[in-house]
Each structure stands twice: as structure tokens, then as C-alpha cells.
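Colleague: Sequence and computational prediction follow.
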Amino acid sequence: MKLQVALDVAKLDQALTLARQTAEYVDILELGTPLIKAEGLDAITAIKAAHPDKLVFADMKTADAGELEADLAFTAGADLVTVMGAADDDTVRGAVAAGRKHGKDVVADMITIVDDRVARIREVSKLGVSFVEIHAGLDEQAKPGYTIDSLLDDGKQAGVPFSIAGGITAASIKAVQDSGATVAVAGGAIRSAEDPAAAAKALKSLIR
């Protein structure tokens, strides 16, 4: 299982600092949507230039014009780009087409609530994405009673390649790996730590 750090900050200098602190211990550097909105596609280029040996994940959350938006992100240096899993099938197919053109990967982000998440995960996987990110956003995580268990259960049921994003910590990362996830996405557990490098190292050490 790979470890992905979500650079959930809105300033490029902060993102570069966090990436520098954690790159030794993670496999994937994710530019969060607020960072891309605040700093533009140049932020993707800057992170990739600073860490050419790492996979750079652009969380575009594309909901329309899939091929165009994915092409822009791949051209800027992204290795993985997200498209919304609840978007129109043609939007997903367009993003996948851009990925194939660049020889890169498209990830379907399932952060949006749908009637049957497992069914949609299976549907969108057939459209050619490399894997599906089963994702609870910050607002969902803040609700009383939230646990990561529902994400893990959906991943197990879906039976397709998936990642998990939604409050992963040292206490839950073993369960994430046991669920069969190919990628664990850690945000606050690293970003908000007093020592982000030590936090990333500790999480990495828990992955078998």
C-alpha cells in the first residue's frame, strides 16, 4: 500500500515546505483542490519540479470538460488527476482519454454523495479509471459520529482497486491496509502534526 500526503494548504510556499518535510516518507504528493484554485496549474509544475521522483496527484475534482481539464493538469506535470465519480460518464471517459494520451492515471473521486456508492464505484471503474478514491471530505469528517469504517466497508464490497481518504491516522492505517486499499491518503494527521516529517515517517512504518 502506498502512502499519499494531502498538501491541504492554500499557499504554494506552504505546500513546498510540507512536501519537502515529508517526501522521504511518502509515495505520492497530492495538491489539494484549494491549492490548485489559489495558485493555479503552476503549483503542479512547481511541486513536480521540486520532487521529480515522486508521483504528483492533482486533485482537480473535475465535474465537466473532463478531457480538457485532465489534459491541462497532465501537461502541467501531474501523474494522477481526479475526476468526480458522480460526474457524467462522458466526463469520466474524457479524463481517461487524456490520461491515456499522456500515459498517466485518472482517479475517480467518490466524495460526492450518491444513492448507492458501491454501485457507482463499480460503474465508474468500468469507464477506465486507474482506481477509485473512496473519500470523506472535511465537512463530512466534522459531523458527529463519523468513522472511517463506512469507507472501508464500501471498498471491500466494491471489489475494484481503491484508495481511502478521510481522517486516516496511526490508529486506523492498519485497518485501511487490511481492507485492501492500494493507497492511504493522510492529510491532517501529517499536516497538523507538530513535526510533519516524524508523523509521515510513523505512518509509513505502519504499512507492511
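Modeller: Received the coordinates, thanks.
Colleague: lowest-confidence helix or strand of this protein?
Modeller: helix 138-141 (a mean of 91; mean pLDDT, DSSP states H and E).
Colleague: CA-only coordinates of it, as PDB, when you get a sec.
Modeller: Presented in PDB, the C-alpha positions along helix 138-141 are these (Å, rounded to 0.1, in the frame of the first residue of the first chain):
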ATOM      1  CA  LEU A 138     -13.500  17.600   5.700                       C
ATOM      2  CA  ASP A 139     -17.200  18.600   6.200                       C
ATOM      3  CA  GLU A 140     -18.300  15.000   6.400                       C
ATOM      4  CA  GLN A 141     -15.500  14.200   8.900                       C
END
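Colleague: for this structure, longest strand please?
Modeller: In the chain, with assignment by DSSP state E, the single longest strand is strand 55-62.
Colleague: Can you name the residues in contact with the helix or strand following that strand?
Modeller: Under the assignment DSSP states H and E, the closest C-terminal helix or strand after strand 55-62 is helix 66-76. Residues from elsewhere that reach helix 66-76 (C-beta atoms under 8 Å, 6 or more residues apart in numbering): 41-42, 44-45, 48, 58, 60, 62, 81, 83, 87, 90-99, 101-102, 104, 106. In short, each C-beta sits where N, CA and C put it, glycine included.
Colleague: what ranges do the helices span in this protein?
Modeller: Ranges of helices within the chain are 12-22, 33-39, 42-50, 66-76, 89-102, 117-125, 138-141, 149-158, 173-178, 188-191, 196-205, based on DSSP state H.
Colleague: Least reliable of the ones you listed by average pLDDT, please.
Modeller: Lowest mean pLDDT within the helices of the chain: helix 138-141, at a mean of 91.
Colleague: ok so, going back, turn the helices of the chain into a markdown table, including distance to M1 and mean neighbour count.
Modeller: What follows is the helices of the chain, written out as a markdown table (distance: least, C-beta to C-beta, whole Å; neighbours: other C-beta atoms under 10 Å):
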| stretch | distance to M1 | mean neighbour count |
| --- | --- | --- |
| helix 12-22 | 17 | 18 |
| helix 33-39 | 24 | 18 |
| helix 42-50 | 22 | 19 |
| helix 66-76 | 24 | 21 |
| helix 89-102 | 22 | 19 |
| helix 117-125 | 18 | 19 |
| helix 138-141 | 21 | 13 |
| helix 149-158 | 12 | 18 |
| helix 173-178 | 5 | 18 |
| helix 188-191 | 15 | 21 |
| helix 196-205 | 10 | 18 |
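Colleague: Distance-wise, check T82 relative to I148.
Modeller: According to C-beta to C-beta, to the nearest Å, T82 and I148 sit 19 Å apart.
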